[in-house]
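A.B. asks: What would the 3D arrangement of this be:
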Amino acid sequence: MEVLIFCICMIMVFSRGDSCFLPRSIEVPVPQEIPAEFVIEIVELQGCDVETLQLTSKDPHFIIKSGVIVALSPVLVTSGRRTFSVCTQDNSGPGSDMEVHLVPNPAQTRLVRNSSVLKRTKRRWSPPPFNILENEKPPFPKPVETVGSDSAATRSVYYIITGAGVDQHPVGLFSLDSSTGMLSVHKPVDREEFPQITFMAKVFDSQTRQETDLPLHITVIIDDVNDNNPTFTDSLKLTVLEQSNAGTVVGKVNATDRDDIKTLHSKIKYSLLTALDLFTINPESGVITTNVNTLDREVQDKYLVTVQIKDMFGAANGRSNTGTATIILTDINDNPPTFKEASYNVNIKENEKETLILRIPVEDKDLINTPNWITQFVITKGNENGNFRMETDSRTNEGLLYVSKPLDYEKNPNVKLEIMARNQAELSGTKATWVSIPIDVSVSNVDEGPEFSAPTVRFTVKENTPNGTLIGSYTAVDPETKSSNGIMYYKIADPAAWINMDKNSGELKVANTIDKESQFVQDGIYTVLVKAVDASSKTGTGTVIIQVEDINDNIPTLPTHDLVVCEKEAEVGSVLVVAEDKDQPPFSAPFTFTLGEDHDGNWAVKKLNDTAATLEQIKYLARGIYKVPLDVKDLQGFGKKQTVNVRICQCRNGVCLAKKSSVSLGALALLAMLLPLALLLLLCILLVFFCVTKMEKKEVDDMGDSGGILLKSNTEAPGEEVDSNLIIVPTTVTDQAVKGSVGGTMLNSGWLGNKSSSTIGAHSTHENGFYKTGVVDLYSSQYDSSQFASGQFGRGHMVGSNMAFDNRYFSQDSALHHTWQTNSLLLQQKLAYLGEDVEGHCAEDILHSYGFEGVGSAAGSVGCCSEQGDNDDLDFLNALGPKFKTLAEVCRKT
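C.D. replies: As a prediction, the model looks like this:
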């Protein structure tokens, strides 16, 4: 009975809920500016309990009265649309919301004011929306539905449509009979491209051409047909570990269908067409799983499985597609590496190291170059001394056995190793274990050098140990004979030469004073390298470590520089004294500081720490340097009295200021200043002497036998060249000397000249050593007999082509040099005499007889008038230099 009552109640509730139906949303055209009290819409409440139903607007600008939505205040709807919700609630159950979309329509103006009854103008269009089937078959056009307005009942109207499918893409799809309102479709429509098409329908009065009803948006829904095959969306390449358990997920196949997802046209069913014994696929999700746990990559590493997808969830009339899924088995380490040989034997010479002695190949079925394949070799036995090591060849995966430390045949001639091969990754999915093999290493004996009793020996020696003191012995033996006979010992390195080593016995003795404070001792350790040499010249090396013990051989020392005390008015100062001791504890700090017995009583000392003390003034002291005696001793009382220099001065930042003092020059400074002056004075004296000596004129007496030979005057400028054609040269040496002429020649055509240099009237040098002159060289030339034969001398012509010099005449006439100097002096005196403005000077210049003019003057007569007669050409005077030219001009005036 209770069940019956419950069922009746539920029927009443559901029947009541079904009878009261409200739309989810409504769309209302409104003006852009909604005034207050504007009626928005009347909500249809048919089948609802009006008394219990409550309608509430969630937008405060609107209110609902008796199912009518009214604007409380002006609202602006400028663009797009304005949306608000209306909440409905009654006693039948939970409430619901209805969305109200306000669409701006400037043509609409409906206003109801001051009325207790709210009314609206109803619009009635029928029967949107419409449905058509996609991909309709011809013929076209085909009628769809009639569009009608309630205004057609009272007026003569016509209809028009605009928008998508009419005058917008897709253009020309729909048309509307303007008078009947019949909507027609003109071509097939693809739903996958246009699921629905919405356009605008309007109704106008045939007479006034005014709209008789509000525009209506008409939506045409395109119904789907199964015209698309399902397709795969992702790659069909899947992976799964080998040896996976049955039911392990391999991967998921994804597919899609363009048909309507709300229909079976897009409901896909997945199935496998091959490998059904190994794999399974979920028909709805497309997930592939394994059926077995025996998939082995080493047997087969991938599988090609055909997958079918079919819509209509696999119905016979469904559309299908197939694809090949590649399932790749990934590797696990289910195969341990195995050796190709059961054991190995290898030989190695003793004392060899870092030598490859064996390559060990292995096999592994797992994937190459992965941690499951790469082998690691481990020496599990026989390598307790670390003589061997294993490496892996990254290219071949072979094991490489190396001798890393030398083997000793005398100690162990045979070594038995055990080597295990394993992978980087641990074994998985198998019961197999890692494998090991034995390796027998035979050590060959070789003749080797002596070996010391230990690679390193240590001795303790106190510093300052007397020379010759025995420290100890360090000996070696022959590994083969175990004997030290015939072994000699030598030092390799002894930086400070402190140790002597007996070459026969290996005894170590002190050679020089050992000092722990030496730079050669580091942390109290002094190292000596030695070697042992046997009869076959093979060697062995060893190290002697001397541990140097400290003794108290150094006293604390005080600084030798001045300690500065800054002077302060009406205050006494102090200074810090720091002592140093090269010894190590307990032979060094802490120090004791005391004043010496002979101190002056002006200072007191106060200990500051283990190595420093403060030296303080007892009373005020004047500036200056004070010597303060201090007695400093180390912890053992070892020390002596020392003197500290304390400077009291005015200072800045702990540095004494420089004193104002006068500086005087010492004897050396004065000597250094006077020496340059003395050198300058000496230079001036030499210059004056040179100038005076150069201006001196040598007076030469005319002995009467000079011959009147003319020489060029000593001018500052080069002389004029002599025209040889103007010089009259006597042809024989037998001519007599007469007044005003050259009586003979000192030269003849048969003379061969020596190599010499000559300057006309200026400087002449003859290399046979007979003469030289000190006059400035104006013209010089190297010449030989050929030059004189052609009449060339210096830079000008001196003699004619018929003239040649004979060396014999230069050797016979030792006064030649004297004659040339005498003539030059006489000409200068004559020139000065004629230059005086005195009457009669030129008159006295008449023909005079000369007793002797020498053995030949190449220039002829020197007078204004010559005995040569009127036929003589005096133009040759133009070539005899400026003094001769001046003399000639004076003579011509008369």
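
A.B. asks: drop to CA atoms for contacts and neighbour counts, all remaining ones
C.D. replies: Noted.

A.B. asks: name the element the closest residue to Ser178 other than its chain neighbours belongs to?
C.D. replies: Setting aside the residues directly before and after it, Ser178 is nearest to Tyr159 in space (Cα to Cα, 6 or more residues apart in numbering), at 4.4 Å. Using DSSP states H and E, Tyr159 falls within strand 157-163.

A.B. asks: so what does the next helix or strand after that strand touch, helix or strand wise?
C.D. replies: Where DSSP H and E defines the elements, the next helix or strand beyond strand 157-163 is strand 174-176. Strand 174-176 sits against strand 157-163, strand 182-185, with contacts defined as 3 or more Cα pairs under 8 Å, 6 or more residues apart in numbering; DSSP states H and E.

A.B. asks: among those strands, which is nearest Phe174?
C.D. replies: Smallest distance to Phe174 across the helices and strands packed on strand 174-176 (Cα to Cα): 4.7 Å, for strand 182-185.

A.B. asks: how about Asp177, what does it touch?
C.D. replies: If you count contacts by Cα atoms under 8 Å, 6 or more residues apart in numbering, Asp177 has them with Tyr159, Leu183.

A.B. asks: Let me see the ranges of the helices in the stretch 1-150 of the chain.
C.D. replies: Ranges of helices within the stretch 1-150 of the chain are 2-19, based on DSSP state H, counting those that start in this stretch.

A.B. asks: any low-confidence regions in it?
C.D. replies: Residues of the stretch 1-150 of the chain that meet the criterion pLDDT under 70 lie in 1-22, 44-51, 78-80, 90-95, 106-128.

A.B. asks: same thing but 50
C.D. replies: Applying pLDDT under 50 to the stretch 1-150 of the chain picks out residues 1-19, 107-123.

A.B. asks: Low-confidence ranges, this structure, go.
C.D. replies: Scanning the chain with the threshold set as pLDDT under 50 gives 1-19, 107-123, 698, 700, 702-708, 724, 726-812, 814, 863-871, 894.

A.B. asks: if we can go back for a sec, out of the helices and strands packed on strand 174-176, which comes closest to Glu567?
C.D. replies: Across these, the minimum distance to Glu567, taken as Cα to Cα, is reached by strand 157-163, at 110.0 Å.

A.B. asks: Could you measure from Leu682 over to Pro676?
C.D. replies: Remark: distance between Leu682 and Pro676 (Cα to Cα, to the nearest Å) = 10 Å.

A.B. asks: let me fix that: Ile160
C.D. replies: 130 Å.

A.B. asks: that older thread, what residues does the residue nearest to Ser178 make contact with?
C.D. replies: Leu176, Asp177, Ser178, Ser179, Gly181, Ala201, Lys202, Val203, Phe204.

A.B. asks: which residue packs closest to the residue positioned nearest the centre of the chain, ignoring adjacent ones?
C.D. replies: Among the residues of the chain, Ser394 comes closest to the average C-alpha position under Cα atoms, centre = their mean, at 33.7 Å. Among residues not flanking Ser394 along the chain, Ile374 sits closest, at 8.0 Å (Cα to Cα, 6+ apart).

A.B. asks: List the buried residues for stretch 625-639?
C.D. replies: Using 16 or more other Cα atoms under 10 Å as the burial criterion, the residues of stretch 625-639 that qualify are Tyr626, Val628, Pro629, Leu630, Asp631, Val632, Lys633, Asp634, Leu635, Phe638, Gly639.

A.B. asks: And the contacts of that stretch?
C.D. replies: 552, 555-557, 579, 581, 586-600, 603, 640-648.

A.B. asks: try it again with 7 Å
C.D. replies: Outside stretch 625-639, the residues that touch it by Cα atoms under 7 Å, 6 or more residues apart in numbering are 555-556, 586-596, 599, 640-648.

A.B. asks: Can you say which of those are buried?
C.D. replies: Buried among those by 16+ other Cα under 10 Å: 555-556, 587-596, 642-648.

A.B. asks: ok, longest helix in the protein?
C.D. replies: When the chain is parsed with DSSP state H, its longest helix is helix 667-695.

A.B. asks: Could you list which residues are in contact with Lys237?
C.D. replies: Ala325, Thr326, Ile327.

A.B. asks: cutoff 10 Å now
C.D. replies: Contacts for Lys237 (Cα atoms under 10 Å, 6 or more residues apart in numbering) come out as Gly251, Lys252, Val253, Leu304, Thr324, Ala325, Thr326, Ile327, Ile328.

A.B. asks: Check the offset of stretch 234-247 from the chain's centre.
C.D. replies: Computed by Cα atoms, centre = their mean, to the nearest Å, the chain-centroid distance of stretch 234-247 equals 50 Å.

A.B. asks: Then stretch 71-81?
C.D. replies: Taking Cα atoms, centre = their mean, the mean C-alpha location of stretch 71-81 is offset from the chain mean by 69 Å.

A.B. asks: Convert that stretch to PDB, retaining C-alpha atoms only.
C.D. replies: Taking Å, rounded to 0.1, in the frame of the first residue of the first chain, the C-alpha atoms of stretch 71-81 are listed here in PDB:
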ATOM      1  CA  ALA A  71      12.200  47.700 -17.000                       C
ATOM      2  CA  LEU A  72      12.500  49.500 -13.700                       C
ATOM      3  CA  SER A  73      15.000  52.200 -15.000                       C
ATOM      4  CA  PRO A  74      16.300  53.300 -18.300                       C
ATOM      5  CA  VAL A  75      18.600  50.700 -19.900                       C
ATOM      6  CA  LEU A  76      21.000  51.200 -22.800                       C
ATOM      7  CA  VAL A  77      21.500  48.400 -25.300                       C
ATOM      8  CA  THR A  78      24.000  49.900 -27.800                       C
ATOM      9  CA  SER A  79      25.600  46.900 -29.500                       C
ATOM     10  CA  GLY A  80      25.400  43.200 -29.500                       C
ATOM     11  CA  ARG A  81      23.000  42.000 -26.900                       C
END
